[in-house]
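Student: Have a look at this prediction, sequence included:
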Amino acid sequence: MSESLRPVYLAGTGHYLPAEILTNARMFEMPSVRAAFDVDKARGALRGMEPEEIAALDEVEVFDRWAMQLTGIAERRVLPDTPDASTEAMHVLAGNAAIEHSGIDRGAIDLLLAASLTAREDVPNAACTIAAGLDRPDLPGYVMNSACSGFLHALASAHAFIASGAADTVLVTVGDALTRITNWHDPKVSVLFGDGAGAAILTARPSSGRLLAAPVLAGEYSPDHLNITGLGWGDPMGPEHRLSMAGGANVLRHAIRTMQDVADRALDRASLDWDDIDFVVPHQANERITRGLEKSLQLSKGRVLHRIRELGNLSASTVPIVLDELLRGQHGELEAPTRIVLTAVGGGYASGAAVLEWAPASA
């Protein structure tokens, strides 16, 4: 990399989660989910229990145990159905939290990069709507969609703007209201997704954190395993406008391999290896993926962060939300410096990874 490029610092992070919690038991009360769920088949697939215990479970308990076994998810957050609730509004709340955490005046932000696949409006550009919500209606920006790896793609873009001198301070916001596009007639899909948003401030000025190298991005065309058709194409009321998934164990193995591969490449770019890393924040689509990644990397427990049980799959916002929790001490006191790997793979497939270092102000 050219020595003329500027270093890129991480000044702060933030996130927002809706207050409403949808547990597996509450989800089973939904008529569409209950009607589509084969209780007897699910009961027969349960493992790790004595036959007598399985037989004694009621239908709700079967659904909860099945969902936990399949995904590791017990609950997820849901955006309320109110006029002021939107994906863009969640971005604003996460962005405000990141601005406050950074200590940087919002007037100093040069650019807004947003990642989402569920913006309420296609026009205006959601970045314009978010900027207006942040009291910066003059702030330029744009939206990108690389599904669950959106935060890494936005970080890579922000890094390029700052390192090249095209911008000094960039706000990245990511988030989705996935429950608005979930297929509630397919229990295997409906148990996966939740709503939330995350954000980060990157800057050319020395700050508590810094990216140790430009993020690594990768792509692989594969529309079969995760798909949703855009509005204006096909039947406006058809199922193609709801998230659909297929692939099973093959997708799980592919996700593990891909996240490890891009993370390895990011470490090479930063001239580090896994022994230098304190924490790994992976995208969390299924607990079997994050546990599989932990096993594949042969990392001690606690270094790979697992939050899917309480949050579900939050698409691009999973990584910044868990990163924000980590930097704010919610996963234990941090040493200085703390080195962190971020890695994600999303539908399509689009993947990415980054390595950063964080030195708490109190250290």
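Tutor: Yep, it's here.

Student: got the contact list for the helix or strand harbouring Ala67?
Tutor: Using DSSP states H and E, the element containing Ala67 is helix 59-71. Residues outside helix 59-71 that contact it (Cβ atoms under 8 Å, 6 or more residues apart in numbering) are 23-25, 27-28, 33-34, 37, 39, 42-43, 45-49, 57, 73-74, 187-188, 191-192, 286-288, 308, 312. The way it works is simple: take the backbone N, C-alpha and C, and place the C-beta from them, glycine included.

Student: quick one: average confidence on that helix?
Tutor: The average of the pLDDT scores along helix 59-71 is 96.

Student: For that helix, what is the distance to the chain centroid?
Tutor: How far helix 59-71 lies from its chain's middle: 23 Å, per Cα atoms, centre = their mean, to the nearest Å.

Student: and that helix, which residues are buried?
Tutor: By 16 or more other Cβ atoms under 10 Å, the buried positions in helix 59-71 come out as 60-71.

Student: Stretch 202-213 now?
Tutor: Across stretch 202-213, burial judged by 16+ other Cβ under 10 Å covers 202-204, 207-213.

Student: same check, this time on stretch 129-148
Tutor: 129-131, 133-134, 136, 139, 141, 143-148.

Student: How is the chain partitioned into domains?
Tutor: Residue ranges for the domains of the chain, per automatic domain parsing: 9-19+79-208, 211-358.

Student: end-to-end on the last one?
Tutor: Across domain 211-358, the terminal residues are separated by 9 Å (Cα to Cα, to the nearest Å).

Student: what mean pLDDT does it have?
Tutor: For domain 211-358, mean pLDDT is 86.

Student: most neighbours per residue, which of the domains of the chain?
Tutor: Comparing the domains of the chain on average neighbours per residue, with mean count of other Cβ atoms under 10 Å, the densest one is domain 9-19+79-208 at a mean of 22.

Student: Return the distance of that one from the chain's centre.
Tutor: 11 Å.

Student: Now the terminal residues of that domain, how far apart.
Tutor: Domain 9-19+79-208: ends 8 Å apart by Cα to Cα.

Student: those helices in the stretch 101-250 of the chain, which residues are they?
Tutor: 126-133, 150-164, 187-190, 249-269 (DSSP state H, counting those that start in this stretch).

Student: And the pLDDT for the nearest residue to Leu113 once chain neighbours are set aside?
Tutor: Among residues not flanking Leu113 along the chain, Ala154 sits closest, at 4.6 Å (Cβ to Cβ, 6 or more residues apart in numbering). Note on Ala154: pLDDT of 97.

Student: same deal with Val123?
Tutor: Confidence score, pLDDT, at Val123: 81.

Student: Please, where are all the helices along the stretch 251-363 of the chain?
Tutor: Going by DSSP H, counting those that start in this stretch, the stretch 251-363 of the chain shows helices at 287-297, 308-311, 318-327.

Student: From Arg120, how far out is the residue lying closest to Thr23 once chain neighbours are set aside?
Tutor: Once flanking residues are discounted, Thr23 sits nearest to Glu75: 4.6 Å by Cβ to Cβ, 6+ apart. Distance of Glu75 to Arg120, given as Cβ to Cβ, to the nearest Å: 24 Å.

Student: got it, and Met90?
Tutor: In this structure, Met90 and Arg120 are 10 Å apart, going by Cβ to Cβ.

Student: Next, format the domains of the chain as a markdown table and append distance to Glu53.
Tutor: Shown next, in a markdown table, are the domains of the chain (distance: least, Cβ to Cβ, whole Å):
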| stretch | distance to Glu53 |
| --- | --- |
| domain 9-19+79-208 | 22 |
| domain 211-358 | 21 |
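
Student: what's the longest strand in the chain?
Tutor: Counting by DSSP state E, the longest strand found in the chain is strand 348-358.

Student: Tell me the strands beside that strand, with direction?
Tutor: Sheet pairing for strand 348-358, assigned by DSSP bridges, gives strand 209-211 (antiparallel), strand 216-222 (antiparallel), strand 338-346 (antiparallel).

Student: Those strands into CSV, with extra columns for distance to Pro18?
Tutor: Formatted as CSV, these follow (distance: least, Cβ to Cβ, whole Å):
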stretch, distance to Pro18
strand 209-211, 27
strand 216-222, 30
strand 338-346, 22
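
Student: Can I get the helix or strand encompassing Val92 as PDB, trimmed to CA atoms?
Tutor: Using DSSP H and E, the element containing Val92 is helix 87-102. Extracted C-alpha coordinates of helix 87-102, given in PDB (Å, rounded to 0.1, in the frame of the first residue of the first chain):
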ATOM      1  CA  THR A  87     -35.200   1.400   9.100                       C
ATOM      2  CA  GLU A  88     -34.000   4.900   8.500                       C
ATOM      3  CA  ALA A  89     -35.100   6.000  12.000                       C
ATOM      4  CA  MET A  90     -33.100   3.100  13.500                       C
ATOM      5  CA  HIS A  91     -30.000   4.300  11.500                       C
ATOM      6  CA  VAL A  92     -30.500   7.800  13.000                       C
ATOM      7  CA  LEU A  93     -30.600   6.500  16.600                       C
ATOM      8  CA  ALA A  94     -27.500   4.300  16.000                       C
ATOM      9  CA  GLY A  95     -25.700   7.200  14.300                       C
ATOM     10  CA  ASN A  96     -26.500   9.600  17.100                       C
ATOM     11  CA  ALA A  97     -25.100   7.100  19.600                       C
ATOM     12  CA  ALA A  98     -21.900   6.700  17.600                       C
ATOM     13  CA  ILE A  99     -21.500  10.500  17.300                       C
ATOM     14  CA  GLU A 100     -21.800  10.900  21.000                       C
ATOM     15  CA  HIS A 101     -19.400   8.000  21.700                       C
ATOM     16  CA  SER A 102     -16.800   9.600  19.300                       C
END
